[in-house]
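Visitor: sequence first, predicted coordinates after that:
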Amino acid sequence: MARRTKVMAISSAGGHWVQLQRLRAAWDACDAIYVTTKEGYRDDLIADAKRRGQPLPKFYRVVDANRWQKFRLLRQLAGIIMILIRERPDVIVTTGAAAGFFALKVGKIMGARTIWLDSIANAGALSLSGQKASGCADLWLTQWEHLAIGDSAKRSPEYKGSVV
């Protein structure tokens, strides 16, 4: 029997997480690993898996952090590295922010395929994390068509539609 693809779906809490969860059915045939910054999402994942007849996914929580919280960012990065070493996902999918960026950056070094989907909330410009993700995302997506038309001197995200 062939090994199932391991997909790590990671994002910060709130809107990033909501958008990531709208993609959940895309990896139903895979072993899902969820990582976020809010423990309370675990019960929702378990209930959804049971309702849809899916295996119970793995769930990890990492510390929440942003660019102004340097020590917390280091703790978040350390937690993500430990999860990546333990799980060795084949694919990493994220809608952002810092946790998703760290997972893509380290996961890419470890050989995972990486996908960044910038949040629908970033209508005027790509998020800071989304801009940085361009260098480590195998597939870099925006949900706004006008943001996919970038400077020809550098890479631009692709537009394939909206998650919402």
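Guide: On my side now, so go ahead.
Visitor: can we go C-alpha only for contacts and neighbour counts from here?
Guide: OK.
Visitor: can you give me the pLDDT of Q19?
Guide: pLDDT for Q19: 91.
Visitor: can you dump the C-alpha atoms of the helix or strand harbouring it in CSV for me?
Guide: Using DSSP states H and E, Q19 falls within helix 15-21. The C-alpha trace of helix 15-21 is given here as CSV (Å, rounded to 0.1, in the frame of the first residue of the first chain):
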residue,chain,number,x,y,z
GLY,A,15,-9.2,35.1,9.4
HIS,A,16,-6.1,33.3,8.2
TRP,A,17,-7.4,30.1,9.9
VAL,A,18,-10.9,30.6,8.6
GLN,A,19,-9.6,30.8,5.0
LEU,A,20,-7.3,27.8,5.5
GLN,A,21,-10.2,25.7,6.8
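Visitor: partner strands of the next helix-or-strand element following that helix, with direction?
Guide: Next along the chain after helix 15-21, taking DSSP H and E as the criterion, comes strand 31-36. Paired neighbours of strand 31-36 in the sheet (DSSP bridges): strand 6-11 (parallel), strand 58-61 (parallel).
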